[in-house]
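A.B. asks: following is a predicted model, sequence given first.
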Amino acid sequence: MILRFLCKYKFNFKVGYLYEVYRFPFCCLKISISTKQIVMKGRIYVSKIIIENTPSLKGYIRVDGAKNAALPILAASLLAHGASILEDTPKLKDVESMCELLQWLGPDIRILENNTVQINSSRIRKYAAPYELASKMRASFLVMGPLLARRGRTRISLPGGCAIGTRPIDLHLKGFAAMGAKITQGHGYVEAKARKLKGAKIYLDFPSVGATENILMAACLAEGQTIIENAAVEPEIVDLANYLVNMGANIKGAGTDTVKVVGVKELKGCTHTIIPDRIEAGTFMVATAITKGMVKIENVVTDHLKPITAKMREIGIDIEEQDTSIIVNAQDRFKPVDIKTLPFPGFPTDMQAQFMALMSIVDGTSIITETIFENRFMHVSELKRMGANIKIEGRTAVIEGVKKITGAQVKATDLRAGAALVLAGLTAEGETEISEAKHIDRGYYEFEKKLISLGAKIKRIEDDED
Ligand code: UD1
């Protein structure tokens, strides 16, 4: 089955693309080949990160484009006739998976220089996303809104992604149903059909980022006005709306909890630059703090970082905000803090694990409450293996800071948990070995290389094992 898919996939390839394919690691063909190797040789692919205790990080790094903006924006390209040029598209595994999925559906994708992707969706051949592609990440569900609007039909295998809870998609489906789509759910897939979507008033029970994006995209080509109430207000929603407006959509209120969309007949491709990744920036802020370093982080939108910056200042870390960069200086004594994850502009759940690593070595008791995902404490058992003193009570983690943690063999259970273990490894005494490190590549490009440039002692071991 997998081989059949890979062969089929290669037929879709344009010869002129091969040069780019060779040059850029996140191209689809290369992935297909390596997947094939795994299947054919019957070997297990091993990806480990080894870190040694690192002195204070120093220097500067540039943050890449935001994963969580790039994914919906790539999906939104399905709505347009003609080519879009997406600048600052990060070279991440999740972006690679989205490109694979889009290419399967029909658009022509070219990876150009300087993190630029060209995508032409004039022709969409398919409406269904197969399991092999859709199961790679939860965000694959974001093609559903655009396909429904453009093709009148879509079927997708239920999405995969990080193991951080059940992560239902009922709000997305309720939105589509309110716009007149007929929803059918089978074993492991969901299908939606509507000859023409109709604008509707949709109240989201929770300001879900994905549901807001999916409904927003579908509404752009629907008949009449759609109003999304209790919409998510994350910066990535605003970036998506800016892209859609640039393509010709009529959207008002993105970034507030009420978004109004008046459907238009057609959207056209355009050029758009993806916003900087606030979670990558936040992760490097914590890396600097945990090693008591001083680092300039470039290509940030300081407003997007406010919830992270505020918490760091409360801990006692000095943050200097400049136009498009920030300087983190962590020389002072740290204080314990309480953190509660919330939708934007609250503290981001995607930074919870990294802050947990930091609070593990801050003298006193810190409390972290996770309100967004019900199972997002999988990093706790791994941090405890390194000597952290953390107790879980329901959705709350009580962290008693210890003087030092020590290196151990640990496992990255998901993307941000993996990043948190790398941060812990920087400050731990001795050597930390993180298995399943491939999770980290879903959200950070050249993570180790950037850390090494700041003075970290870290390396990746990638190997096939019999
Ligand atoms: C997005 C981000 C992810 C981030 C999350 C919360 C992307 C690609 N991913 O994920 O990194 O951690 O926002 O900021 O942008 N829910 C429902 N029903 C639904 C949809 C969601 O109950 O139909 C629940 C989820 O189970 C979860 C909560 O709502 O508990 C938040 O989910 P949501 O905001 O949709 O997150 P994602 O879009 O999946």
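C.D. replies: Looks like it came in fine. Numbers count the residues shown, from 1 in each chain.

A.B. asks: hey, where'd the helices end up in the stretch 201-350 of the chain?
C.D. replies: Counting by DSSP state H, counting those that start in this stretch, the stretch 201-350 of the chain has helices at residues 209-219, 235-246, 278-290, 306-315.

A.B. asks: avg pLDDT for the longest one?
C.D. replies: This points to helix 278-290. In this model, helix 278-290 has an average pLDDT of 98.

A.B. asks: closest one to M351 among the helices of the stretch 201-350 of the chain?
C.D. replies: helix 278-290 (4.8 Å; CB to CB). Quick note: C-beta positions are derived from backbone N, CA and C, even for glycine.

A.B. asks: right, and the helices of the stretch 201-350 of the chain - which one's nearest I85?
C.D. replies: helix 235-246 (10.9 Å).

A.B. asks: what's the spacing between the closest one and its chain's center?
C.D. replies: 16 Å (CA atoms, centre = their mean, to the nearest Å).

A.B. asks: and the helices in the stretch 51-200 of the chain?
C.D. replies: 67-76, 93-105, 131-134, 144-151, 170-178.

A.B. asks: around the ligand, pick out the residues from the chain.
C.D. replies: 68, 71, 138-139, 165, 167-172, 206, 208-211, 236, 349-350, 372-373 (CB under 6 Å from any ligand atom).

A.B. asks: drop anything exposed from the residues you listed.
C.D. replies: 68, 71, 138-139, 167, 169, 171-172, 208-211, 236, 349-350, 372-373 (16 or more other CB atoms under 10 Å).

A.B. asks: helix/strand/coil for A419?
C.D. replies: helix (DSSP: H, G, I helix; E, B strand; the rest coil).

A.B. asks: which one is it nearest to, not counting chain neighbours?
C.D. replies: Among residues not flanking A419 along the chain, T283 sits closest, at 5.2 Å (CB to CB, 6 or more residues apart in numbering).

A.B. asks: burial count for that neighbour?
C.D. replies: Counted with other CB atoms under 10 Å, the neighbours of T283 add up to 29.

A.B. asks: again with T184
C.D. replies: So T184, with other CB under 10 Å, has 10 neighbours.

A.B. asks: pretty sure it contacts L173?
C.D. replies: No. Contact criterion CB atoms under 8 Å: T184 and L173 do not qualify, at 10.3 Å.

A.B. asks: which neighbours do those two share?
C.D. replies: Common contacts of T184 and L173 (CB atoms under 8 Å, 6 or more residues apart in numbering): 190, 192.

A.B. asks: what sits against the residue in the stretch 201-350 of the chain positioned nearest to the ligand?
C.D. replies: Minimum separation of the stretch 201-350 of the chain from the ligand (CB to the nearest ligand atom) falls at G210, amounting to 2.8 Å. Contact analysis of G210 by CB under 8 Å, 6+ apart lists 138-139, 141-142, 169, 172.

A.B. asks: look at it and report its pLDDT.
C.D. replies: Looking at G210, its pLDDT is 97.

A.B. asks: just to revisit the earlier point, nearest to R151, out of the helices of the stretch 201-350 of the chain?
C.D. replies: helix 209-219 (11.5 Å).

A.B. asks: just want the angle from the closest one to helix 235-246.
C.D. replies: Following axes from the mean of the first three to the mean of the last three CA atoms, to 10 degrees, one obtains 10 degrees for the angle between helix 209-219 and helix 235-246.

A.B. asks: report the angle between helix 209-219 and helix 67-76.
C.D. replies: 30 degrees.

A.B. asks: alpha carbons only: can I get helix 209-219 in PDB?
C.D. replies: Extracted C-alpha coordinates of helix 209-219, given in PDB (Å, rounded to 0.1, in the frame of the first residue of the first chain):
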ATOM      1  CA  VAL A 209      -7.500  28.100  16.500                       C
ATOM      2  CA  GLY A 210      -8.000  25.300  13.900                       C
ATOM      3  CA  ALA A 211     -11.800  25.600  13.800                       C
ATOM      4  CA  THR A 212     -11.600  29.400  13.400                       C
ATOM      5  CA  GLU A 213      -9.100  29.000  10.500                       C
ATOM      6  CA  ASN A 214     -11.100  26.200   8.800                       C
ATOM      7  CA  ILE A 215     -14.400  28.100   8.900                       C
ATOM      8  CA  LEU A 216     -12.700  31.400   7.900                       C
ATOM      9  CA  MET A 217     -11.200  29.700   4.800                       C
ATOM     10  CA  ALA A 218     -14.500  28.000   3.900                       C
ATOM     11  CA  ALA A 219     -16.500  31.200   4.300                       C
END
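
A.B. asks: quick one: it to chain centroid distance?
C.D. replies: 16 Å.

A.B. asks: ok, now stretch 369-381?
C.D. replies: 17 Å.

A.B. asks: just stretch 423-437 next, same as before
C.D. replies: On CA atoms, centre = their mean, the centre of stretch 423-437 falls 22 Å from that of its chain.

A.B. asks: which residues are in contact with stretch 399-412?
C.D. replies: 51-53, 336, 356, 359-368, 382-383, 385-390, 418, 421, 424-425, 427-437, 439-440.

A.B. asks: and that stretch, what's buried?
C.D. replies: 399-402, 405-408, 410-412.

A.B. asks: okay, the residues you listed in a markdown table with secondary structure, pLDDT and distance to L221 next?
C.D. replies: A markdown table is the format used below for these (DSSP: H, G, I helix; E, B strand; the rest coil; pLDDT from 0 to 100; distance: CB to CB, whole Å):
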| residue | secondary structure | pLDDT | distance to L221 |
| --- | --- | --- | --- |
| I399 | strand | 98 | 48 |
| E400 | strand | 98 | 54 |
| G401 | coil | 97 | 53 |
| V402 | coil | 97 | 55 |
| I405 | coil | 97 | 52 |
| T406 | strand | 97 | 56 |
| G407 | coil | 97 | 53 |
| A408 | coil | 97 | 52 |
| V410 | strand | 97 | 47 |
| K411 | strand | 96 | 44 |
| A412 | coil | 96 | 39 |
